[in-house]
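Chemist: task: produce atomic coordinates for the following.
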Amino acid sequence: MKLITYLLIGMLLLTSVTFVYAANKNFDIIVIQGASLKAGTEKNLVTVTINNETSLEFQTVKVYLDLSSPFSASNKESDQFVIGNLTTIPKGAFFVIDVDSGANYGNYKIPVIIETNRGKYYEEIQIKVIGDTLVSVEDFSIDGVKGKTVDPGTIFNINLRMKNVGGNRLQWIKVELNTNEPGIVPVASSLSKTFQDLRPGEYVVASYDLSIGKDVVPKNHLMNLVLTFQDNLGVTHVQNEVLGLKIRGQPQLELTRRTTDPTRIVQNQPYVLTLKIENIGTTDADNVKVKIESPFTGDSESYLGKIQKNDYANAVFALNSGNNSGEIKCKLIITFFDDKGSNTTEKEFYISVNALPQASGAQVAANLILPIIILALIIGGVLYFRKKRKSKKEENSQ
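Modeler: Below you'll find the predicted structure:
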């Protein structure tokens, strides 16, 4: 009987102890701010509302967060908050905490101690540790080569290799490329790509086949990339990136016409050669110089300066055909500068030189008759003059 009495007294003492563990919830704690915190961050504000679920009034109320790894107080006593009196009207409490950089992502339950004049009560709150939500463009290649330039009038491929560098799993990643140039258009494909799932550390590749118009101005061109995705909490994120595209262009100089003055050239004859040099490329050619290698004598070089794309210039040479005849092979050497430096191109062309006609025997004889007659007349005249002079001297001597 005494044993039973002692047991009853002990049970009564336990019920009056200052640490109160109630079967029913005495306080309802709602996290208003800071329910999701990023790993590796400091001085995070956590705001809670405390609702008194009992009919009692409490005094000298103080709330503690029982922090353990990966959480810690940012400052001394920043893990506790003094409320004072707590009635049935909800009251707020504020805490400032840090999250370790090596924290695992997920949900954590943090014990909450509510110290009152009636004893200590234990509740808990839940905080989710998340990582940065970020996609990184790790690789940007053109036709499989980083930093490759493109020429107007060509088709090229762009590959964008993107990595989830954040701590959250991403879903429904939409990758939209804006070329910002009407002359750069997709070839049999869309400028929008969609990927369903991307876990932390994983990659996806967005590939685009593009065509660039021949009239697009060579320059350093900027394109926009818009990434839209959802994190594991269902929050939609929009990320903007800028891509650089170097449109280079290439001069292309061609010999499109040649003329001579006179049109028919014979041996040992001076003549003027005019060569039309046309730029059919996609950008301008600077410091254009033209040189010809041939057996002809005379001026063999001509300076043309700048030839813009879709324009031309004439190179003029004063030459002499010399003793050459037939189809004479000539080499045209064109040097010019573009944005990469000096360039040289060579062309071949032919100039027809007619040989002087050879005279026949009759023509030679006919050509000699007149000189012979003239010579005979001169000789006859000289002889006649001498004879007449001699006879005059003889008459005077008599």
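
Chemist: ok, for residue 307, nearest residue in space, not its chain neighbours?
Modeler: residue 279 (4.5 Å; Cβ to Cβ, 6 or more residues apart in numbering). For glycine as for every other residue, the C-beta is placed from the backbone atoms N, C-alpha and C.

Chemist: over to residue 313?
Modeler: Here the nearest residue to residue 313 in space, its sequence neighbours aside, is residue 304; by Cβ to Cβ, 6+ apart that works out to 4.2 Å.

Chemist: and stretch 205-218, how far apart are its ends?
Modeler: 27 Å (Cα to Cα, to the nearest Å).

Chemist: repeat for stretch 176-184
Modeler: Termini of stretch 176-184 sit 15 Å apart (Cα to Cα).

Chemist: equivalent analysis for stretch 251-267, please.
Modeler: Using Cα to Cα, first and last residues of stretch 251-267 are 38 Å apart.

Chemist: begin at 23, not 1, for the rest of this chat.
Modeler: Got it, the first residue is 23 from now on, which makes the last one we talked about stretch 273-289.

Chemist: buried residues, it. List them.
Modeler: Buried residues in stretch 273-289, defined by neighbour count with 16 or more other Cβ atoms under 10 Å: 273, 275, 277, 282, 287.

Chemist: any chance of those residues in a markdown table, plus pLDDT, secondary structure and distance to residue 180?
Modeler: As requested, those are exported to a markdown table (pLDDT from 0 to 100; DSSP: H, G, I helix; E, B strand; the rest coil; distance: Cβ to Cβ, whole Å):
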| residue | pLDDT | secondary structure | distance to residue 180 |
| --- | --- | --- | --- |
| 273 | 91 | coil | 25 |
| 275 | 93 | strand | 30 |
| 277 | 94 | strand | 37 |
| 282 | 94 | strand | 50 |
| 287 | 93 | strand | 55 |
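
Chemist: residues touching the residue nearest to residue 329, list them.
Modeler: The neighbourhood of residue 301, defined by Cβ atoms under 8 Å, 6 or more residues apart in numbering, consists of 273, 274, 275, 307, 329, 330, 331, 332, 333, 334.

Chemist: name the nearest residue to the first one, ignoring sequence neighbours.
Modeler: When you say that, I think you mean residue 273. Excluding the flanking residues, the one nearest residue 273 by Cβ to Cβ, 6+ apart is residue 307, at 3.6 Å.

Chemist: so in that sheet, which strands flank the helix or strand that residue 94 is a member of, and in what orientation?
Modeler: Assessed by DSSP states H and E, residue 94 sits inside strand 93-95. Looking at strand 93-95 with DSSP bridges, its partner strands are strand 113-121 (antiparallel).

Chemist: what are the contacting residues of the partner strand?
Modeler: By Cβ under 8 Å, 6+ apart, strand 113-121 touches 54, 56, 59-72, 83, 85, 87, 89, 92-97, 100-103, 105, 151.

Chemist: I'd like to know which of those residues are buried.
Modeler: 56, 59-62, 66, 68, 70, 72, 83, 85, 87, 89, 92-93, 96, 100-101, 103, 105, 151.

Chemist: among the residues you listed, which lie within strands?
Modeler: 59-60, 66, 68, 70, 72, 83, 85, 87, 93, 103, 105, 151 (DSSP state E).

Chemist: now pLDDT and distance to residue 225 too, for these, in JSON lines please.
Modeler: JSON lines is the format used below for these (pLDDT from 0 to 100; distance: Cβ to Cβ, whole Å):
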{"residue": "59", "pLDDT": "91", "distance to residue 225": "27"}
{"residue": "60", "pLDDT": "87", "distance to residue 225": "23"}
{"residue": "66", "pLDDT": "97", "distance to residue 225": "31"}
{"residue": "68", "pLDDT": "97", "distance to residue 225": "35"}
{"residue": "70", "pLDDT": "96", "distance to residue 225": "40"}
{"residue": "72", "pLDDT": "95", "distance to residue 225": "46"}
{"residue": "83", "pLDDT": "96", "distance to residue 225": "52"}
{"residue": "85", "pLDDT": "97", "distance to residue 225": "46"}
{"residue": "87", "pLDDT": "97", "distance to residue 225": "39"}
{"residue": "93", "pLDDT": "97", "distance to residue 225": "32"}
{"residue": "103", "pLDDT": "97", "distance to residue 225": "45"}
{"residue": "105", "pLDDT": "95", "distance to residue 225": "50"}
{"residue": "151", "pLDDT": "88", "distance to residue 225": "24"}
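
Chemist: pick the one among those closest to residue 408.
Modeler: residue 60 (132.3 Å; Cβ to Cβ).

Chemist: bridged to the closest one, which residues?
Modeler: Assigned bridge partners for residue 60, using DSSP bridges, are residue 152.

Chemist: wait, it touches residue 153, no?
Modeler: Yes. Contact criterion Cβ atoms under 8 Å: residue 60 and residue 153 qualify, at 6.5 Å.

Chemist: which neighbours do those two share?
Modeler: Residues touching both residue 60 and residue 153 (Cβ under 8 Å, 6+ apart): residue 189.

Chemist: do a quick rundown of the helices in the chain.
Modeler: Taking DSSP state H as the test, the helices found in the chain are 24-37, 383-419.

Chemist: what about the residue nearest to residue 273, how many residues nearby?
Modeler: 26 (other Cβ atoms under 10 Å).

Chemist: for residue 342, same thing?
Modeler: Neighbour count for residue 342, taken as other Cβ under 10 Å: 14.

Chemist: ok, it - contacts?
Modeler: Residues in contact with residue 342 (Cβ under 8 Å, 6+ apart) are 290, 291, 292, 293, 318, 319, 320.
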